[in-house]
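Q: Could you work out the structure for the sequence below:
(one chain, ligands or ions: 1)
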Amino acid sequence: MTVPPLRATERLYYADSYQRVFDARVLDVRPHDRGHAVVLDRTAFFPTSGGQPHDLGTLGDAGVIDVVDNEDTVVHVVARPIEGDVRGEIDWPRRFDHMQQHTGQHILSQAALRSLDAQTISVHFGAEVCTLDLDLSDLTPEMAARTEDLANAVIFEDRPVPVHMVDESELPTLGLRRPAKKRGQIRVVEVEEFDRSACGGTHVRRTGEIGLIKLRRWERYKGGVRVEFLCGWRALRDYRWKSTLVSDLAGSFTVKDREVAEAIGRLSGQLKERERVIADLRDRLFSSEARGYLDGARGSPKIIADVLDRSPDEAGTLAGKIVSAESSVVVFGAARGRIIIARSPSLDLDAAALLRRILEPRGGRGGGRPEFAQGALAAEALREAVESARVELRRMFDA
Ligand SMILES: [Zn+2]
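A: From the prediction side, this is the model:
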């Protein structure tokens, strides 16, 4: 059986992007992997296209999950089947947000063209941020501010944003910022006396409704510059949390808002200085402890064996201090069953081989270099292993 082609969906948003509620007839319902695919005779639902995300909302009592542009028809994906006549309602805050971002993008693209001579290569409208890829080798803060100022001046002038349907033959006289991708009747969106673009998206009626455009950050991307921007409510929300953050930081440093970065810089400098002082004190402490161990030992080389209540790192540092100060061999047990053997450079002893001889019969493992080796074994066997190493070293050096 062949399915007759469906009548083209009348797209209400082309004529009026402010229409939130509409009545329509269901022409077709089919199973869809996420529910049911519904085609209506007319719709205010915007399908994902031209980079703009689709609308959400309801058809009757069914939630609309997705809206897809399928050539002449608009396909609504709904959670449950519907039939007959339905009333549709779009999620207005979501739609208006898209209108603010989208119209703002037209203005920003024209502002970049006028202030930086930079073409817009591509646009992405995300759920949280939108981006513009500009044909530009670099963007300085001063250039960004110039573009931002021009775009916002056009917003504050509250210019009309009329939409015209024109024949493709008229296009050369219109001076479109970007050439039309379609043929025949072309929808042209104009920001009065500022920008003309071929576009099928939803836009605000006047630029004042965008409220504000803010360039948030930018980076080099694929030979151009990718700019992140926020319009309208998004810009306000972003300003709100950042403003709160700066106030809170200023409060905790007891400085003015503009002095926060300086205060953090000072703190970071103090922290580095303290780290340097602590490292110096630790070094002196270890030297003094090393001296204590050496003074308490006799013979040559001095054989020092002990179990320390310290981290393996600290035990290793202390052992290093001892063996570099005087001819000696050190065996230290440390936290978590760790064991370290270190010796002075002048001595003929393979610390790694000794460690393996001590650990292997006791179920431990370890290795290292002839002058410094470390390993681990069950914590309860540590003291006996250290003692056994001491006995072996005494025998080796006849101490
Ligand atoms: Zn547009």
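Q: Around Ala352, count how many other residues there are.
A: By the measure other C-beta atoms under 10 Å, the count of residues near Ala352 is 19. Where C-beta positions appear, they are placed from N, C-alpha and C, glycine not excepted.
Q: same check, this time on Thr207
A: Neighbour count of Thr207, defined by other C-beta under 10 Å: 27.
Q: Equivalent analysis for His102, please.
A: 26.
Q: That one: helix or strand, and which one exactly?
A: Assigned by DSSP states H and E, His102 belongs to helix 92-116.
Q: Quick one: mean pLDDT for that helix?
A: For helix 92-116, mean pLDDT rounds to 97.
Q: where do the strands sit along the stretch 151-300 of the chain?
A: Using DSSP state E, counting those that start in this stretch, the strands of the stretch 151-300 of the chain run over residues 163-167, 185-191, 195-198, 213-221, 224-231.
Q: now the last one and strand 213-221, what's the angle there?
A: Pointing back at strand 224-231 there. Inter-element angle recorded for strand 224-231 and strand 213-221: 160 degrees (by axes from the mean of the first three to the mean of the last three C-alpha atoms, to 10 degrees).
Q: about what we covered before: please spell out which residues along the helix holding His102 are buried.
A: Neighbour counts over helix 92-116 (16 or more other C-beta atoms under 10 Å) mark 94-113, 115-116 as buried.
Q: contacts with the ion among these, please.
A: His102 (C-beta under 5 Å from the ion).
Q: hang on, the earlier thing: of the strands of the stretch 151-300 of the chain, which approaches the ion most closely?
A: With C-beta to the ion as the measure, strand 185-191 is the member of the strands of the stretch 151-300 of the chain nearest the ion (5.1 Å).
Q: Kindly reformat the strands of the stretch 151-300 of the chain as TSV containing mean pLDDT and mean neighbour count.
A: Formatted as TSV, these follow (pLDDT from 0 to 100; neighbours: other C-beta atoms under 10 Å):
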stretch	mean pLDDT	mean neighbour count
strand 163-167	93	13
strand 185-191	94	18
strand 195-198	95	22
strand 213-221	97	16
strand 224-231	98	22
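Q: Please convert these to CSV, extending it with distance to the ion.
A: Conversion of the strands of the stretch 151-300 of the chain to CSV gives the following (distance: least, C-beta to the ion, whole Å):
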stretch, distance to the ion
strand 163-167, 9
strand 185-191, 5
strand 195-198, 6
strand 213-221, 15
strand 224-231, 12
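Q: and those strands as a markdown table, adding distance to Gly292?
A: A markdown table is the format used below for the strands of the stretch 151-300 of the chain (distance: least, C-beta to C-beta, whole Å):
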| stretch | distance to Gly292 |
| --- | --- |
| strand 163-167 | 87 |
| strand 185-191 | 80 |
| strand 195-198 | 80 |
| strand 213-221 | 56 |
| strand 224-231 | 60 |
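Q: Any idea which of those gets closest to Pro141?
A: Of all those, strand 213-221 sits nearest to Pro141, with 9.5 Å by C-beta to C-beta.
Q: Now Leu139: which helix or strand?
A: Applying DSSP H and E as the criterion places Leu139 outside every helix and strand.
Q: Quick check: residues of the stretch 51-200 of the chain near the ion?
A: The stretch 51-200 of the chain comes close to the ion at residues 102, 199, as judged by C-beta under 5 Å from the ion.
Q: quick one: contacts for Arg80?
A: 35-36, 61-62 (C-beta atoms under 8 Å, 6 or more residues apart in numbering).
Q: Name the SS class of it, please.
A: coil (DSSP: H, G, I helix; E, B strand; the rest coil).
Q: Do a quick rundown of the helices in the stretch 151-300 of the chain.
A: Secondary structure of the stretch 151-300 of the chain (DSSP state H, counting those that start in this stretch): helices located at 171-174, 232-253, 260-295.
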